[in-house]
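1. model this:
(one chain, ligands or ions: 1)
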Amino acid sequence: MSFSKKLMQTYFNIAYNQVYDFTTARLNRYRKLQERCVGKLELKDNDKVLCVGIGTGNEILHILGISRNVSITGVDYSSAALRKAHKKALRLGKEIELLLMDARKFEFAASSFDKVLCFHVMDFIPENTEVTSEILRVLKKGGQFVITYPSGKEGPKLGFNLLKEGIHHYVDSGKHRIRASLKFVTQMVGGIVYLPLLFRPKKGFYSRSQLEAIITESTTGDFRIEEDTVYQDFIVYGKK
Ligand SMILES: C[S@@+](CC[C@H](N)C(=O)[O-])C[C@H]1O[C@@H](n2cnc3c(N)ncnc32)[C@H](O)[C@@H]1O
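-> Next up, the predicted model:
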């Protein structure tokens, strides 16, 4: 692993994933977007689901909300994140397989999974094309995938969008103002931890047509592309 990749992994271990659950994971917008993406997997009983970059395991909650009779495998290259995901799964009473693995090279045989979710991970991996083809390789024929990709430059605009959402939420919160204020302050503190991300190595930002080309390179299945304007993400979902 190159020095910059190692540095990024260390940052995820000692900083990012340590504050994630009381910052990003508490944003209403983030939860709704995650729920929307999990919904697009159309989960059925006995599905084998792979969560790429499972992080601290927040998507498990949404998956189990739809079906408890699925088998979940989560991979991440941050051991700190996997420890938190493990605790979360224990609390939810669900055994899941958690593996320390780089999304750029899965240690899975081809056609191993019925569903693959890759939520908010491509933002951190410049090698989006490699990861996309890995996801489609391990997906079974006819299996369903949901992948989010960054659609625009992160930074002031994303921060502004989220702040605007936060203020709307605060105004609407009425008698729960104190709780909303505390939430707002913790998010501001978390913002400091996220600052180094603005200086990370080259990130891949894609247009719809570029994404269409990347996906059609790895599958002939049908897929669709939607956009989340607040997070500046493309949600690409479909079948292999
Ligand atoms: C923004 S978090 C998203 C976590 C989870 N999907 C969620 O929405 O709660 C991004 C995660 O991707 C992981 N990650 C980044 N690059 C990775 C790579 N090359 N291989 C595996 N995981 C990676 C990070 O460790 C981090 O946990």
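2. Spell out which residues of this structure are next to the ligand.
-> Where proximity means C-beta under 6 Å from any ligand atom, the interface of the chain facing the ligand comprises 12, 17, 34, 53-55, 58-59, 76-78, 81, 102-104, 119-121, 124-125. C-betas here are computed from N, CA, C, even on glycine.
3. one more time with 5 Å, if that's ok
-> Listed as neighbours of the ligand in the chain under the rule C-beta under 5 Å from any ligand atom: 12, 53, 55, 58, 76-78, 81, 102-103, 119-121, 124-125.
4. from the chain, which residue is nearest to the ligand?
-> Of all residues in the chain, the one sitting closest to the ligand is Gly55 (2.5 Å; C-beta to the nearest ligand atom).
5. wait, that residue sits on Asp76?
-> Yes - in terms of C-beta atoms under 8 Å, Gly55 counts as a neighbour of Asp76; the distance is 6.0 Å.
6. that older thread, out of the residues of the chain next to the ligand, which is nearest to Phe113?
-> Each of the residues of the chain next to the ligand was checked against Phe113 using C-beta to C-beta; the closest is Ala103, at 13.6 Å.
7. so what's that closest one up against?
-> Residues in contact with Ala103 (C-beta atoms under 8 Å, 6 or more residues apart in numbering) are 52-53, 75, 77, 118, 121, 125, 131, 134.
8. and the spatially most central residue of the chain, what pLDDT?
-> The structure's the chain has its C-alpha centroid closest to Phe119; by C-alpha atoms, centre = their mean the separation is 2.4 Å. Turning to Phe119, the model gives it a pLDDT of 97.
9. do the same with Leu158
-> Looking at Leu158, its pLDDT stands at 56.
10. For Phe223, which residues are in contact?
-> Applying C-beta under 8 Å, 6+ apart, one finds that Phe223 lies in contact with 145, 215, 236-239.
11. hang on, the earlier thing: quickly list what's touching both of Gly55 and Asp76.
-> A shared contact of Gly55 and Asp76, defined by C-beta under 8 Å, 6+ apart, is any residue touching both; here these are Ala85.
12. wait, Asn69 sits on Val49?
-> No - using C-beta under 8 Å, Asn69 is not in contact with Val49, being 11.1 Å away.
13. and those two? which has more neighbours close in?
-> A count of neighbours by other C-beta atoms under 10 Å puts Val49 above the other of Asn69 and Val49, at 24 against 10.
14. ok, the helix or strand harbouring that one: who's next to it in the sheet?
-> Using DSSP states H and E, Val49 maps to strand 48-52. Using DSSP bridges, the strands paired with strand 48-52 in its sheet are strand 71-76 (parallel), strand 113-118 (parallel).
15. Mean neighbour count and distance to Asp228 for the ones you listed - can I get that in CSV?
-> Compiled in CSV, these are given as follows (neighbours: other C-beta atoms under 10 Å; distance: least, C-beta to C-beta, whole Å):
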stretch, mean neighbour count, distance to Asp228
strand 71-76, 22, 22
strand 113-118, 25, 15
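16. Now render the ones you listed as a markdown table, adding distance to Asp45.
-> Putting the strands paired with strand 48-52 into a markdown table (distance: least, C-beta to C-beta, whole Å) gives the following:
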| stretch | distance to Asp45 |
| --- | --- |
| strand 71-76 | 10 |
| strand 113-118 | 11 |
